[in-house]
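Visitor: sequence and computational prediction follow.
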Amino acid sequence: MERQTPILEVDHLTVVYETAKGDVIAVRDVSFSLYPNEIMGLIGESGSGKSTMAYAILRMLKGAARVVHGTVRILGKDIYLLSPEELRKFRWSHFSMVFQSAMNALNPVMTVEAQVIDTLKSHRPHLTRLEAKERALELCELVRIDPRYLKSYPHELSGGMRQRIVIAIAIALEPSLVIMDEPTTALDVVVQRSIMDQIRDIQMRVHFSILFISHDFSLVSELATRIAIMYAGQIVEFTDSHSLEDRMSLHHPYTEGLWNAIPKLANRNIVIEGIPGGPPNLLKLPEGCSFHPRCRYKSEICSAQTPELKTYGTYEIACHHVLDKEGHHD
Ligand SMILES: Nc1ncnc2c1ncn2[C@@H]1O[C@H](COP(=O)(O)OP(=O)(O)OP(=O)(O)O)[C@@H](O)[C@H]1O
């Protein structure tokens, strides 16, 4: 299939937190592209650098965090070369975001309708109030919220409804890219499921690309077609979600560990295996492959040489043993 021009291009991105103890390299030389209408998942354990990468892409890093290398292009524009005013115009119109905490994203002293209209009018000043109100109604329909809630304040809505409103605001200006960072994590499982279904439904109706960040592998594998697996600031694998289960032996050992840690309904008696050990200290990564101290397949080369991402069919995997680890399976 011939690929279109990417919506998002991340090229050799490296982000550090400058701390008294030294630079914490939270994102290390990450490159990938996201294409029109594509939903790409980004998963990894807590502390692997997912949120830092999201904030870097959005040019929203704060405090001690710095992009020290690499570029981020959205619709071909290097967003770090935009002036603050250009960035303000570009954000929401071309890319937007949905974070975990809807409560923090919404203004507690404005009605939902005022907030939707505010976003619309600040980027499309020529819209009349009536047109903005009509668009707010349309958006309500899209996220399946009864329009009467437009007159409510955020605290009057449930967590799931608030998150739907945040999604409505994120897509209000028809951006090409929406970055979602754990958008359902704060919600209970039933609401989480309904929001996931809705995200898929909205994306099919209005078409935009999504970078969906989560630590929940099963959630991501249901939504995304392509998945990036992040470990200690690096992408160690790009995989497609269709054949995940069938070909588990042909994945990075970390991917295998994350997958095996998911409770499977069909196999209730199976003991869930976690990944031994914990994430490495980002101030001082292990030599060679940073996953090797936790890896059951490791050999001498793993502590001596950093594996590069290599292509295996539709996958890219950074592991010295991906082809021979099959024989190690119990
Ligand atoms: N302000 C900071 N100063 C120093 N290090 C930080 C700072 N914020 C984050 N880090 C470090 O950067 C690394 C990446 O953090 P990040 O929050 O991006 O990971 P994450 O994968 O999104 O984790 P989570 O799922 O818990 O949000 C972590 O090891 C974290 O300790």
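Guide: That came in fine, so what should we check first? Numbers count the residues shown, from 1 in each chain.

Visitor: rest of the way, CA atoms for contacts and neighbours
Guide: OK.

Visitor: the one residue sitting closest to the centre of the chain pairs with what?
Guide: Centroid-nearest residue in the chain, with CA atoms, centre = their mean: Ile213, separated by 2.4 Å. On the basis of DSSP bridges, Ile213 is bridged to Leu42, Asp181.

Visitor: my guess is Ile57 contacts Val67, does it?
Guide: No - the criterion here is CA atoms under 8 Å, and Ile57 misses it with Val67 at 9.8 Å.

Visitor: comparing those two, which residue is more hemmed in?
Guide: Taking neighbours as other CA atoms under 10 Å, Ile57 and Val67 compare with Ile57 leading, 22 against 18.

Visitor: tell me the predicted confidence for that one.
Guide: At Ile57, the pLDDT value in this model is 97.

Visitor: what of the one 3 residues further on?
Guide: Reading off the per-residue confidence, Met60 sits at a pLDDT of 94.

Visitor: and what of Ser241?
Guide: Note on Ser241: pLDDT of 80.

Visitor: how much space between it and the ligand?
Guide: Noted for Ser241: a distance of 20 Å to the ligand, by CA to the nearest ligand atom, to the nearest Å.

Visitor: look up the closest residue to Gly278, ignoring the ones flanking it.
Guide: Nearest non-adjacent residue to Gly278, counting by CA to CA, 6 or more residues apart in numbering: Arg294, 7.8 Å away.

Visitor: can you report how many residues neighbour the one you found?
Guide: Neighbours of Arg294 (other CA under 10 Å): 17.

Visitor: ok, the residue nearest to the centre of the chain - contacts?
Guide: Neighbouring residues of Ile213 by CA atoms under 8 Å, 6 or more residues apart in numbering: Gly41, Leu42, Ile43, Lys50, Ser51, Ile179, Met180, Asp181, Glu182, Val220.

Visitor: show me where the stretch 151-300 of the chain dips below the pLDDT cut-off.
Guide: 246-249, 264-273 (pLDDT under 70).

Visitor: tell me which stretches of it form helices.
Guide: Along the stretch 151-300 of the chain, counting by DSSP state H, counting those that start in this stretch, helices occupy 159-171, 189-206, 217-223, 253-260, 300-304.

Visitor: mean neighbour count added to those helices, as a markdown table?
Guide: Formatted as a markdown table, the helices of the stretch 151-300 of the chain follow (neighbours: other CA atoms under 10 Å):
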| stretch | mean neighbour count |
| --- | --- |
| helix 159-171 | 24 |
| helix 189-206 | 15 |
| helix 217-223 | 18 |
| helix 253-260 | 22 |
| helix 300-304 | 15 |
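
Visitor: the ligand is nearest to which of the ones you listed?
Guide: helix 217-223 (12.3 Å; CA to the nearest ligand atom).

Visitor: what residues does that closest one touch?
Guide: If you take CA under 8 Å, 6+ apart as the criterion, helix 217-223 is touched by 39, 41-43, 196, 200, 212-214, 227, 241, 258-259, 262.

Visitor: one more time with 6 Å
Guide: Gly41, Ser241 (CA atoms under 6 Å, 6 or more residues apart in numbering).
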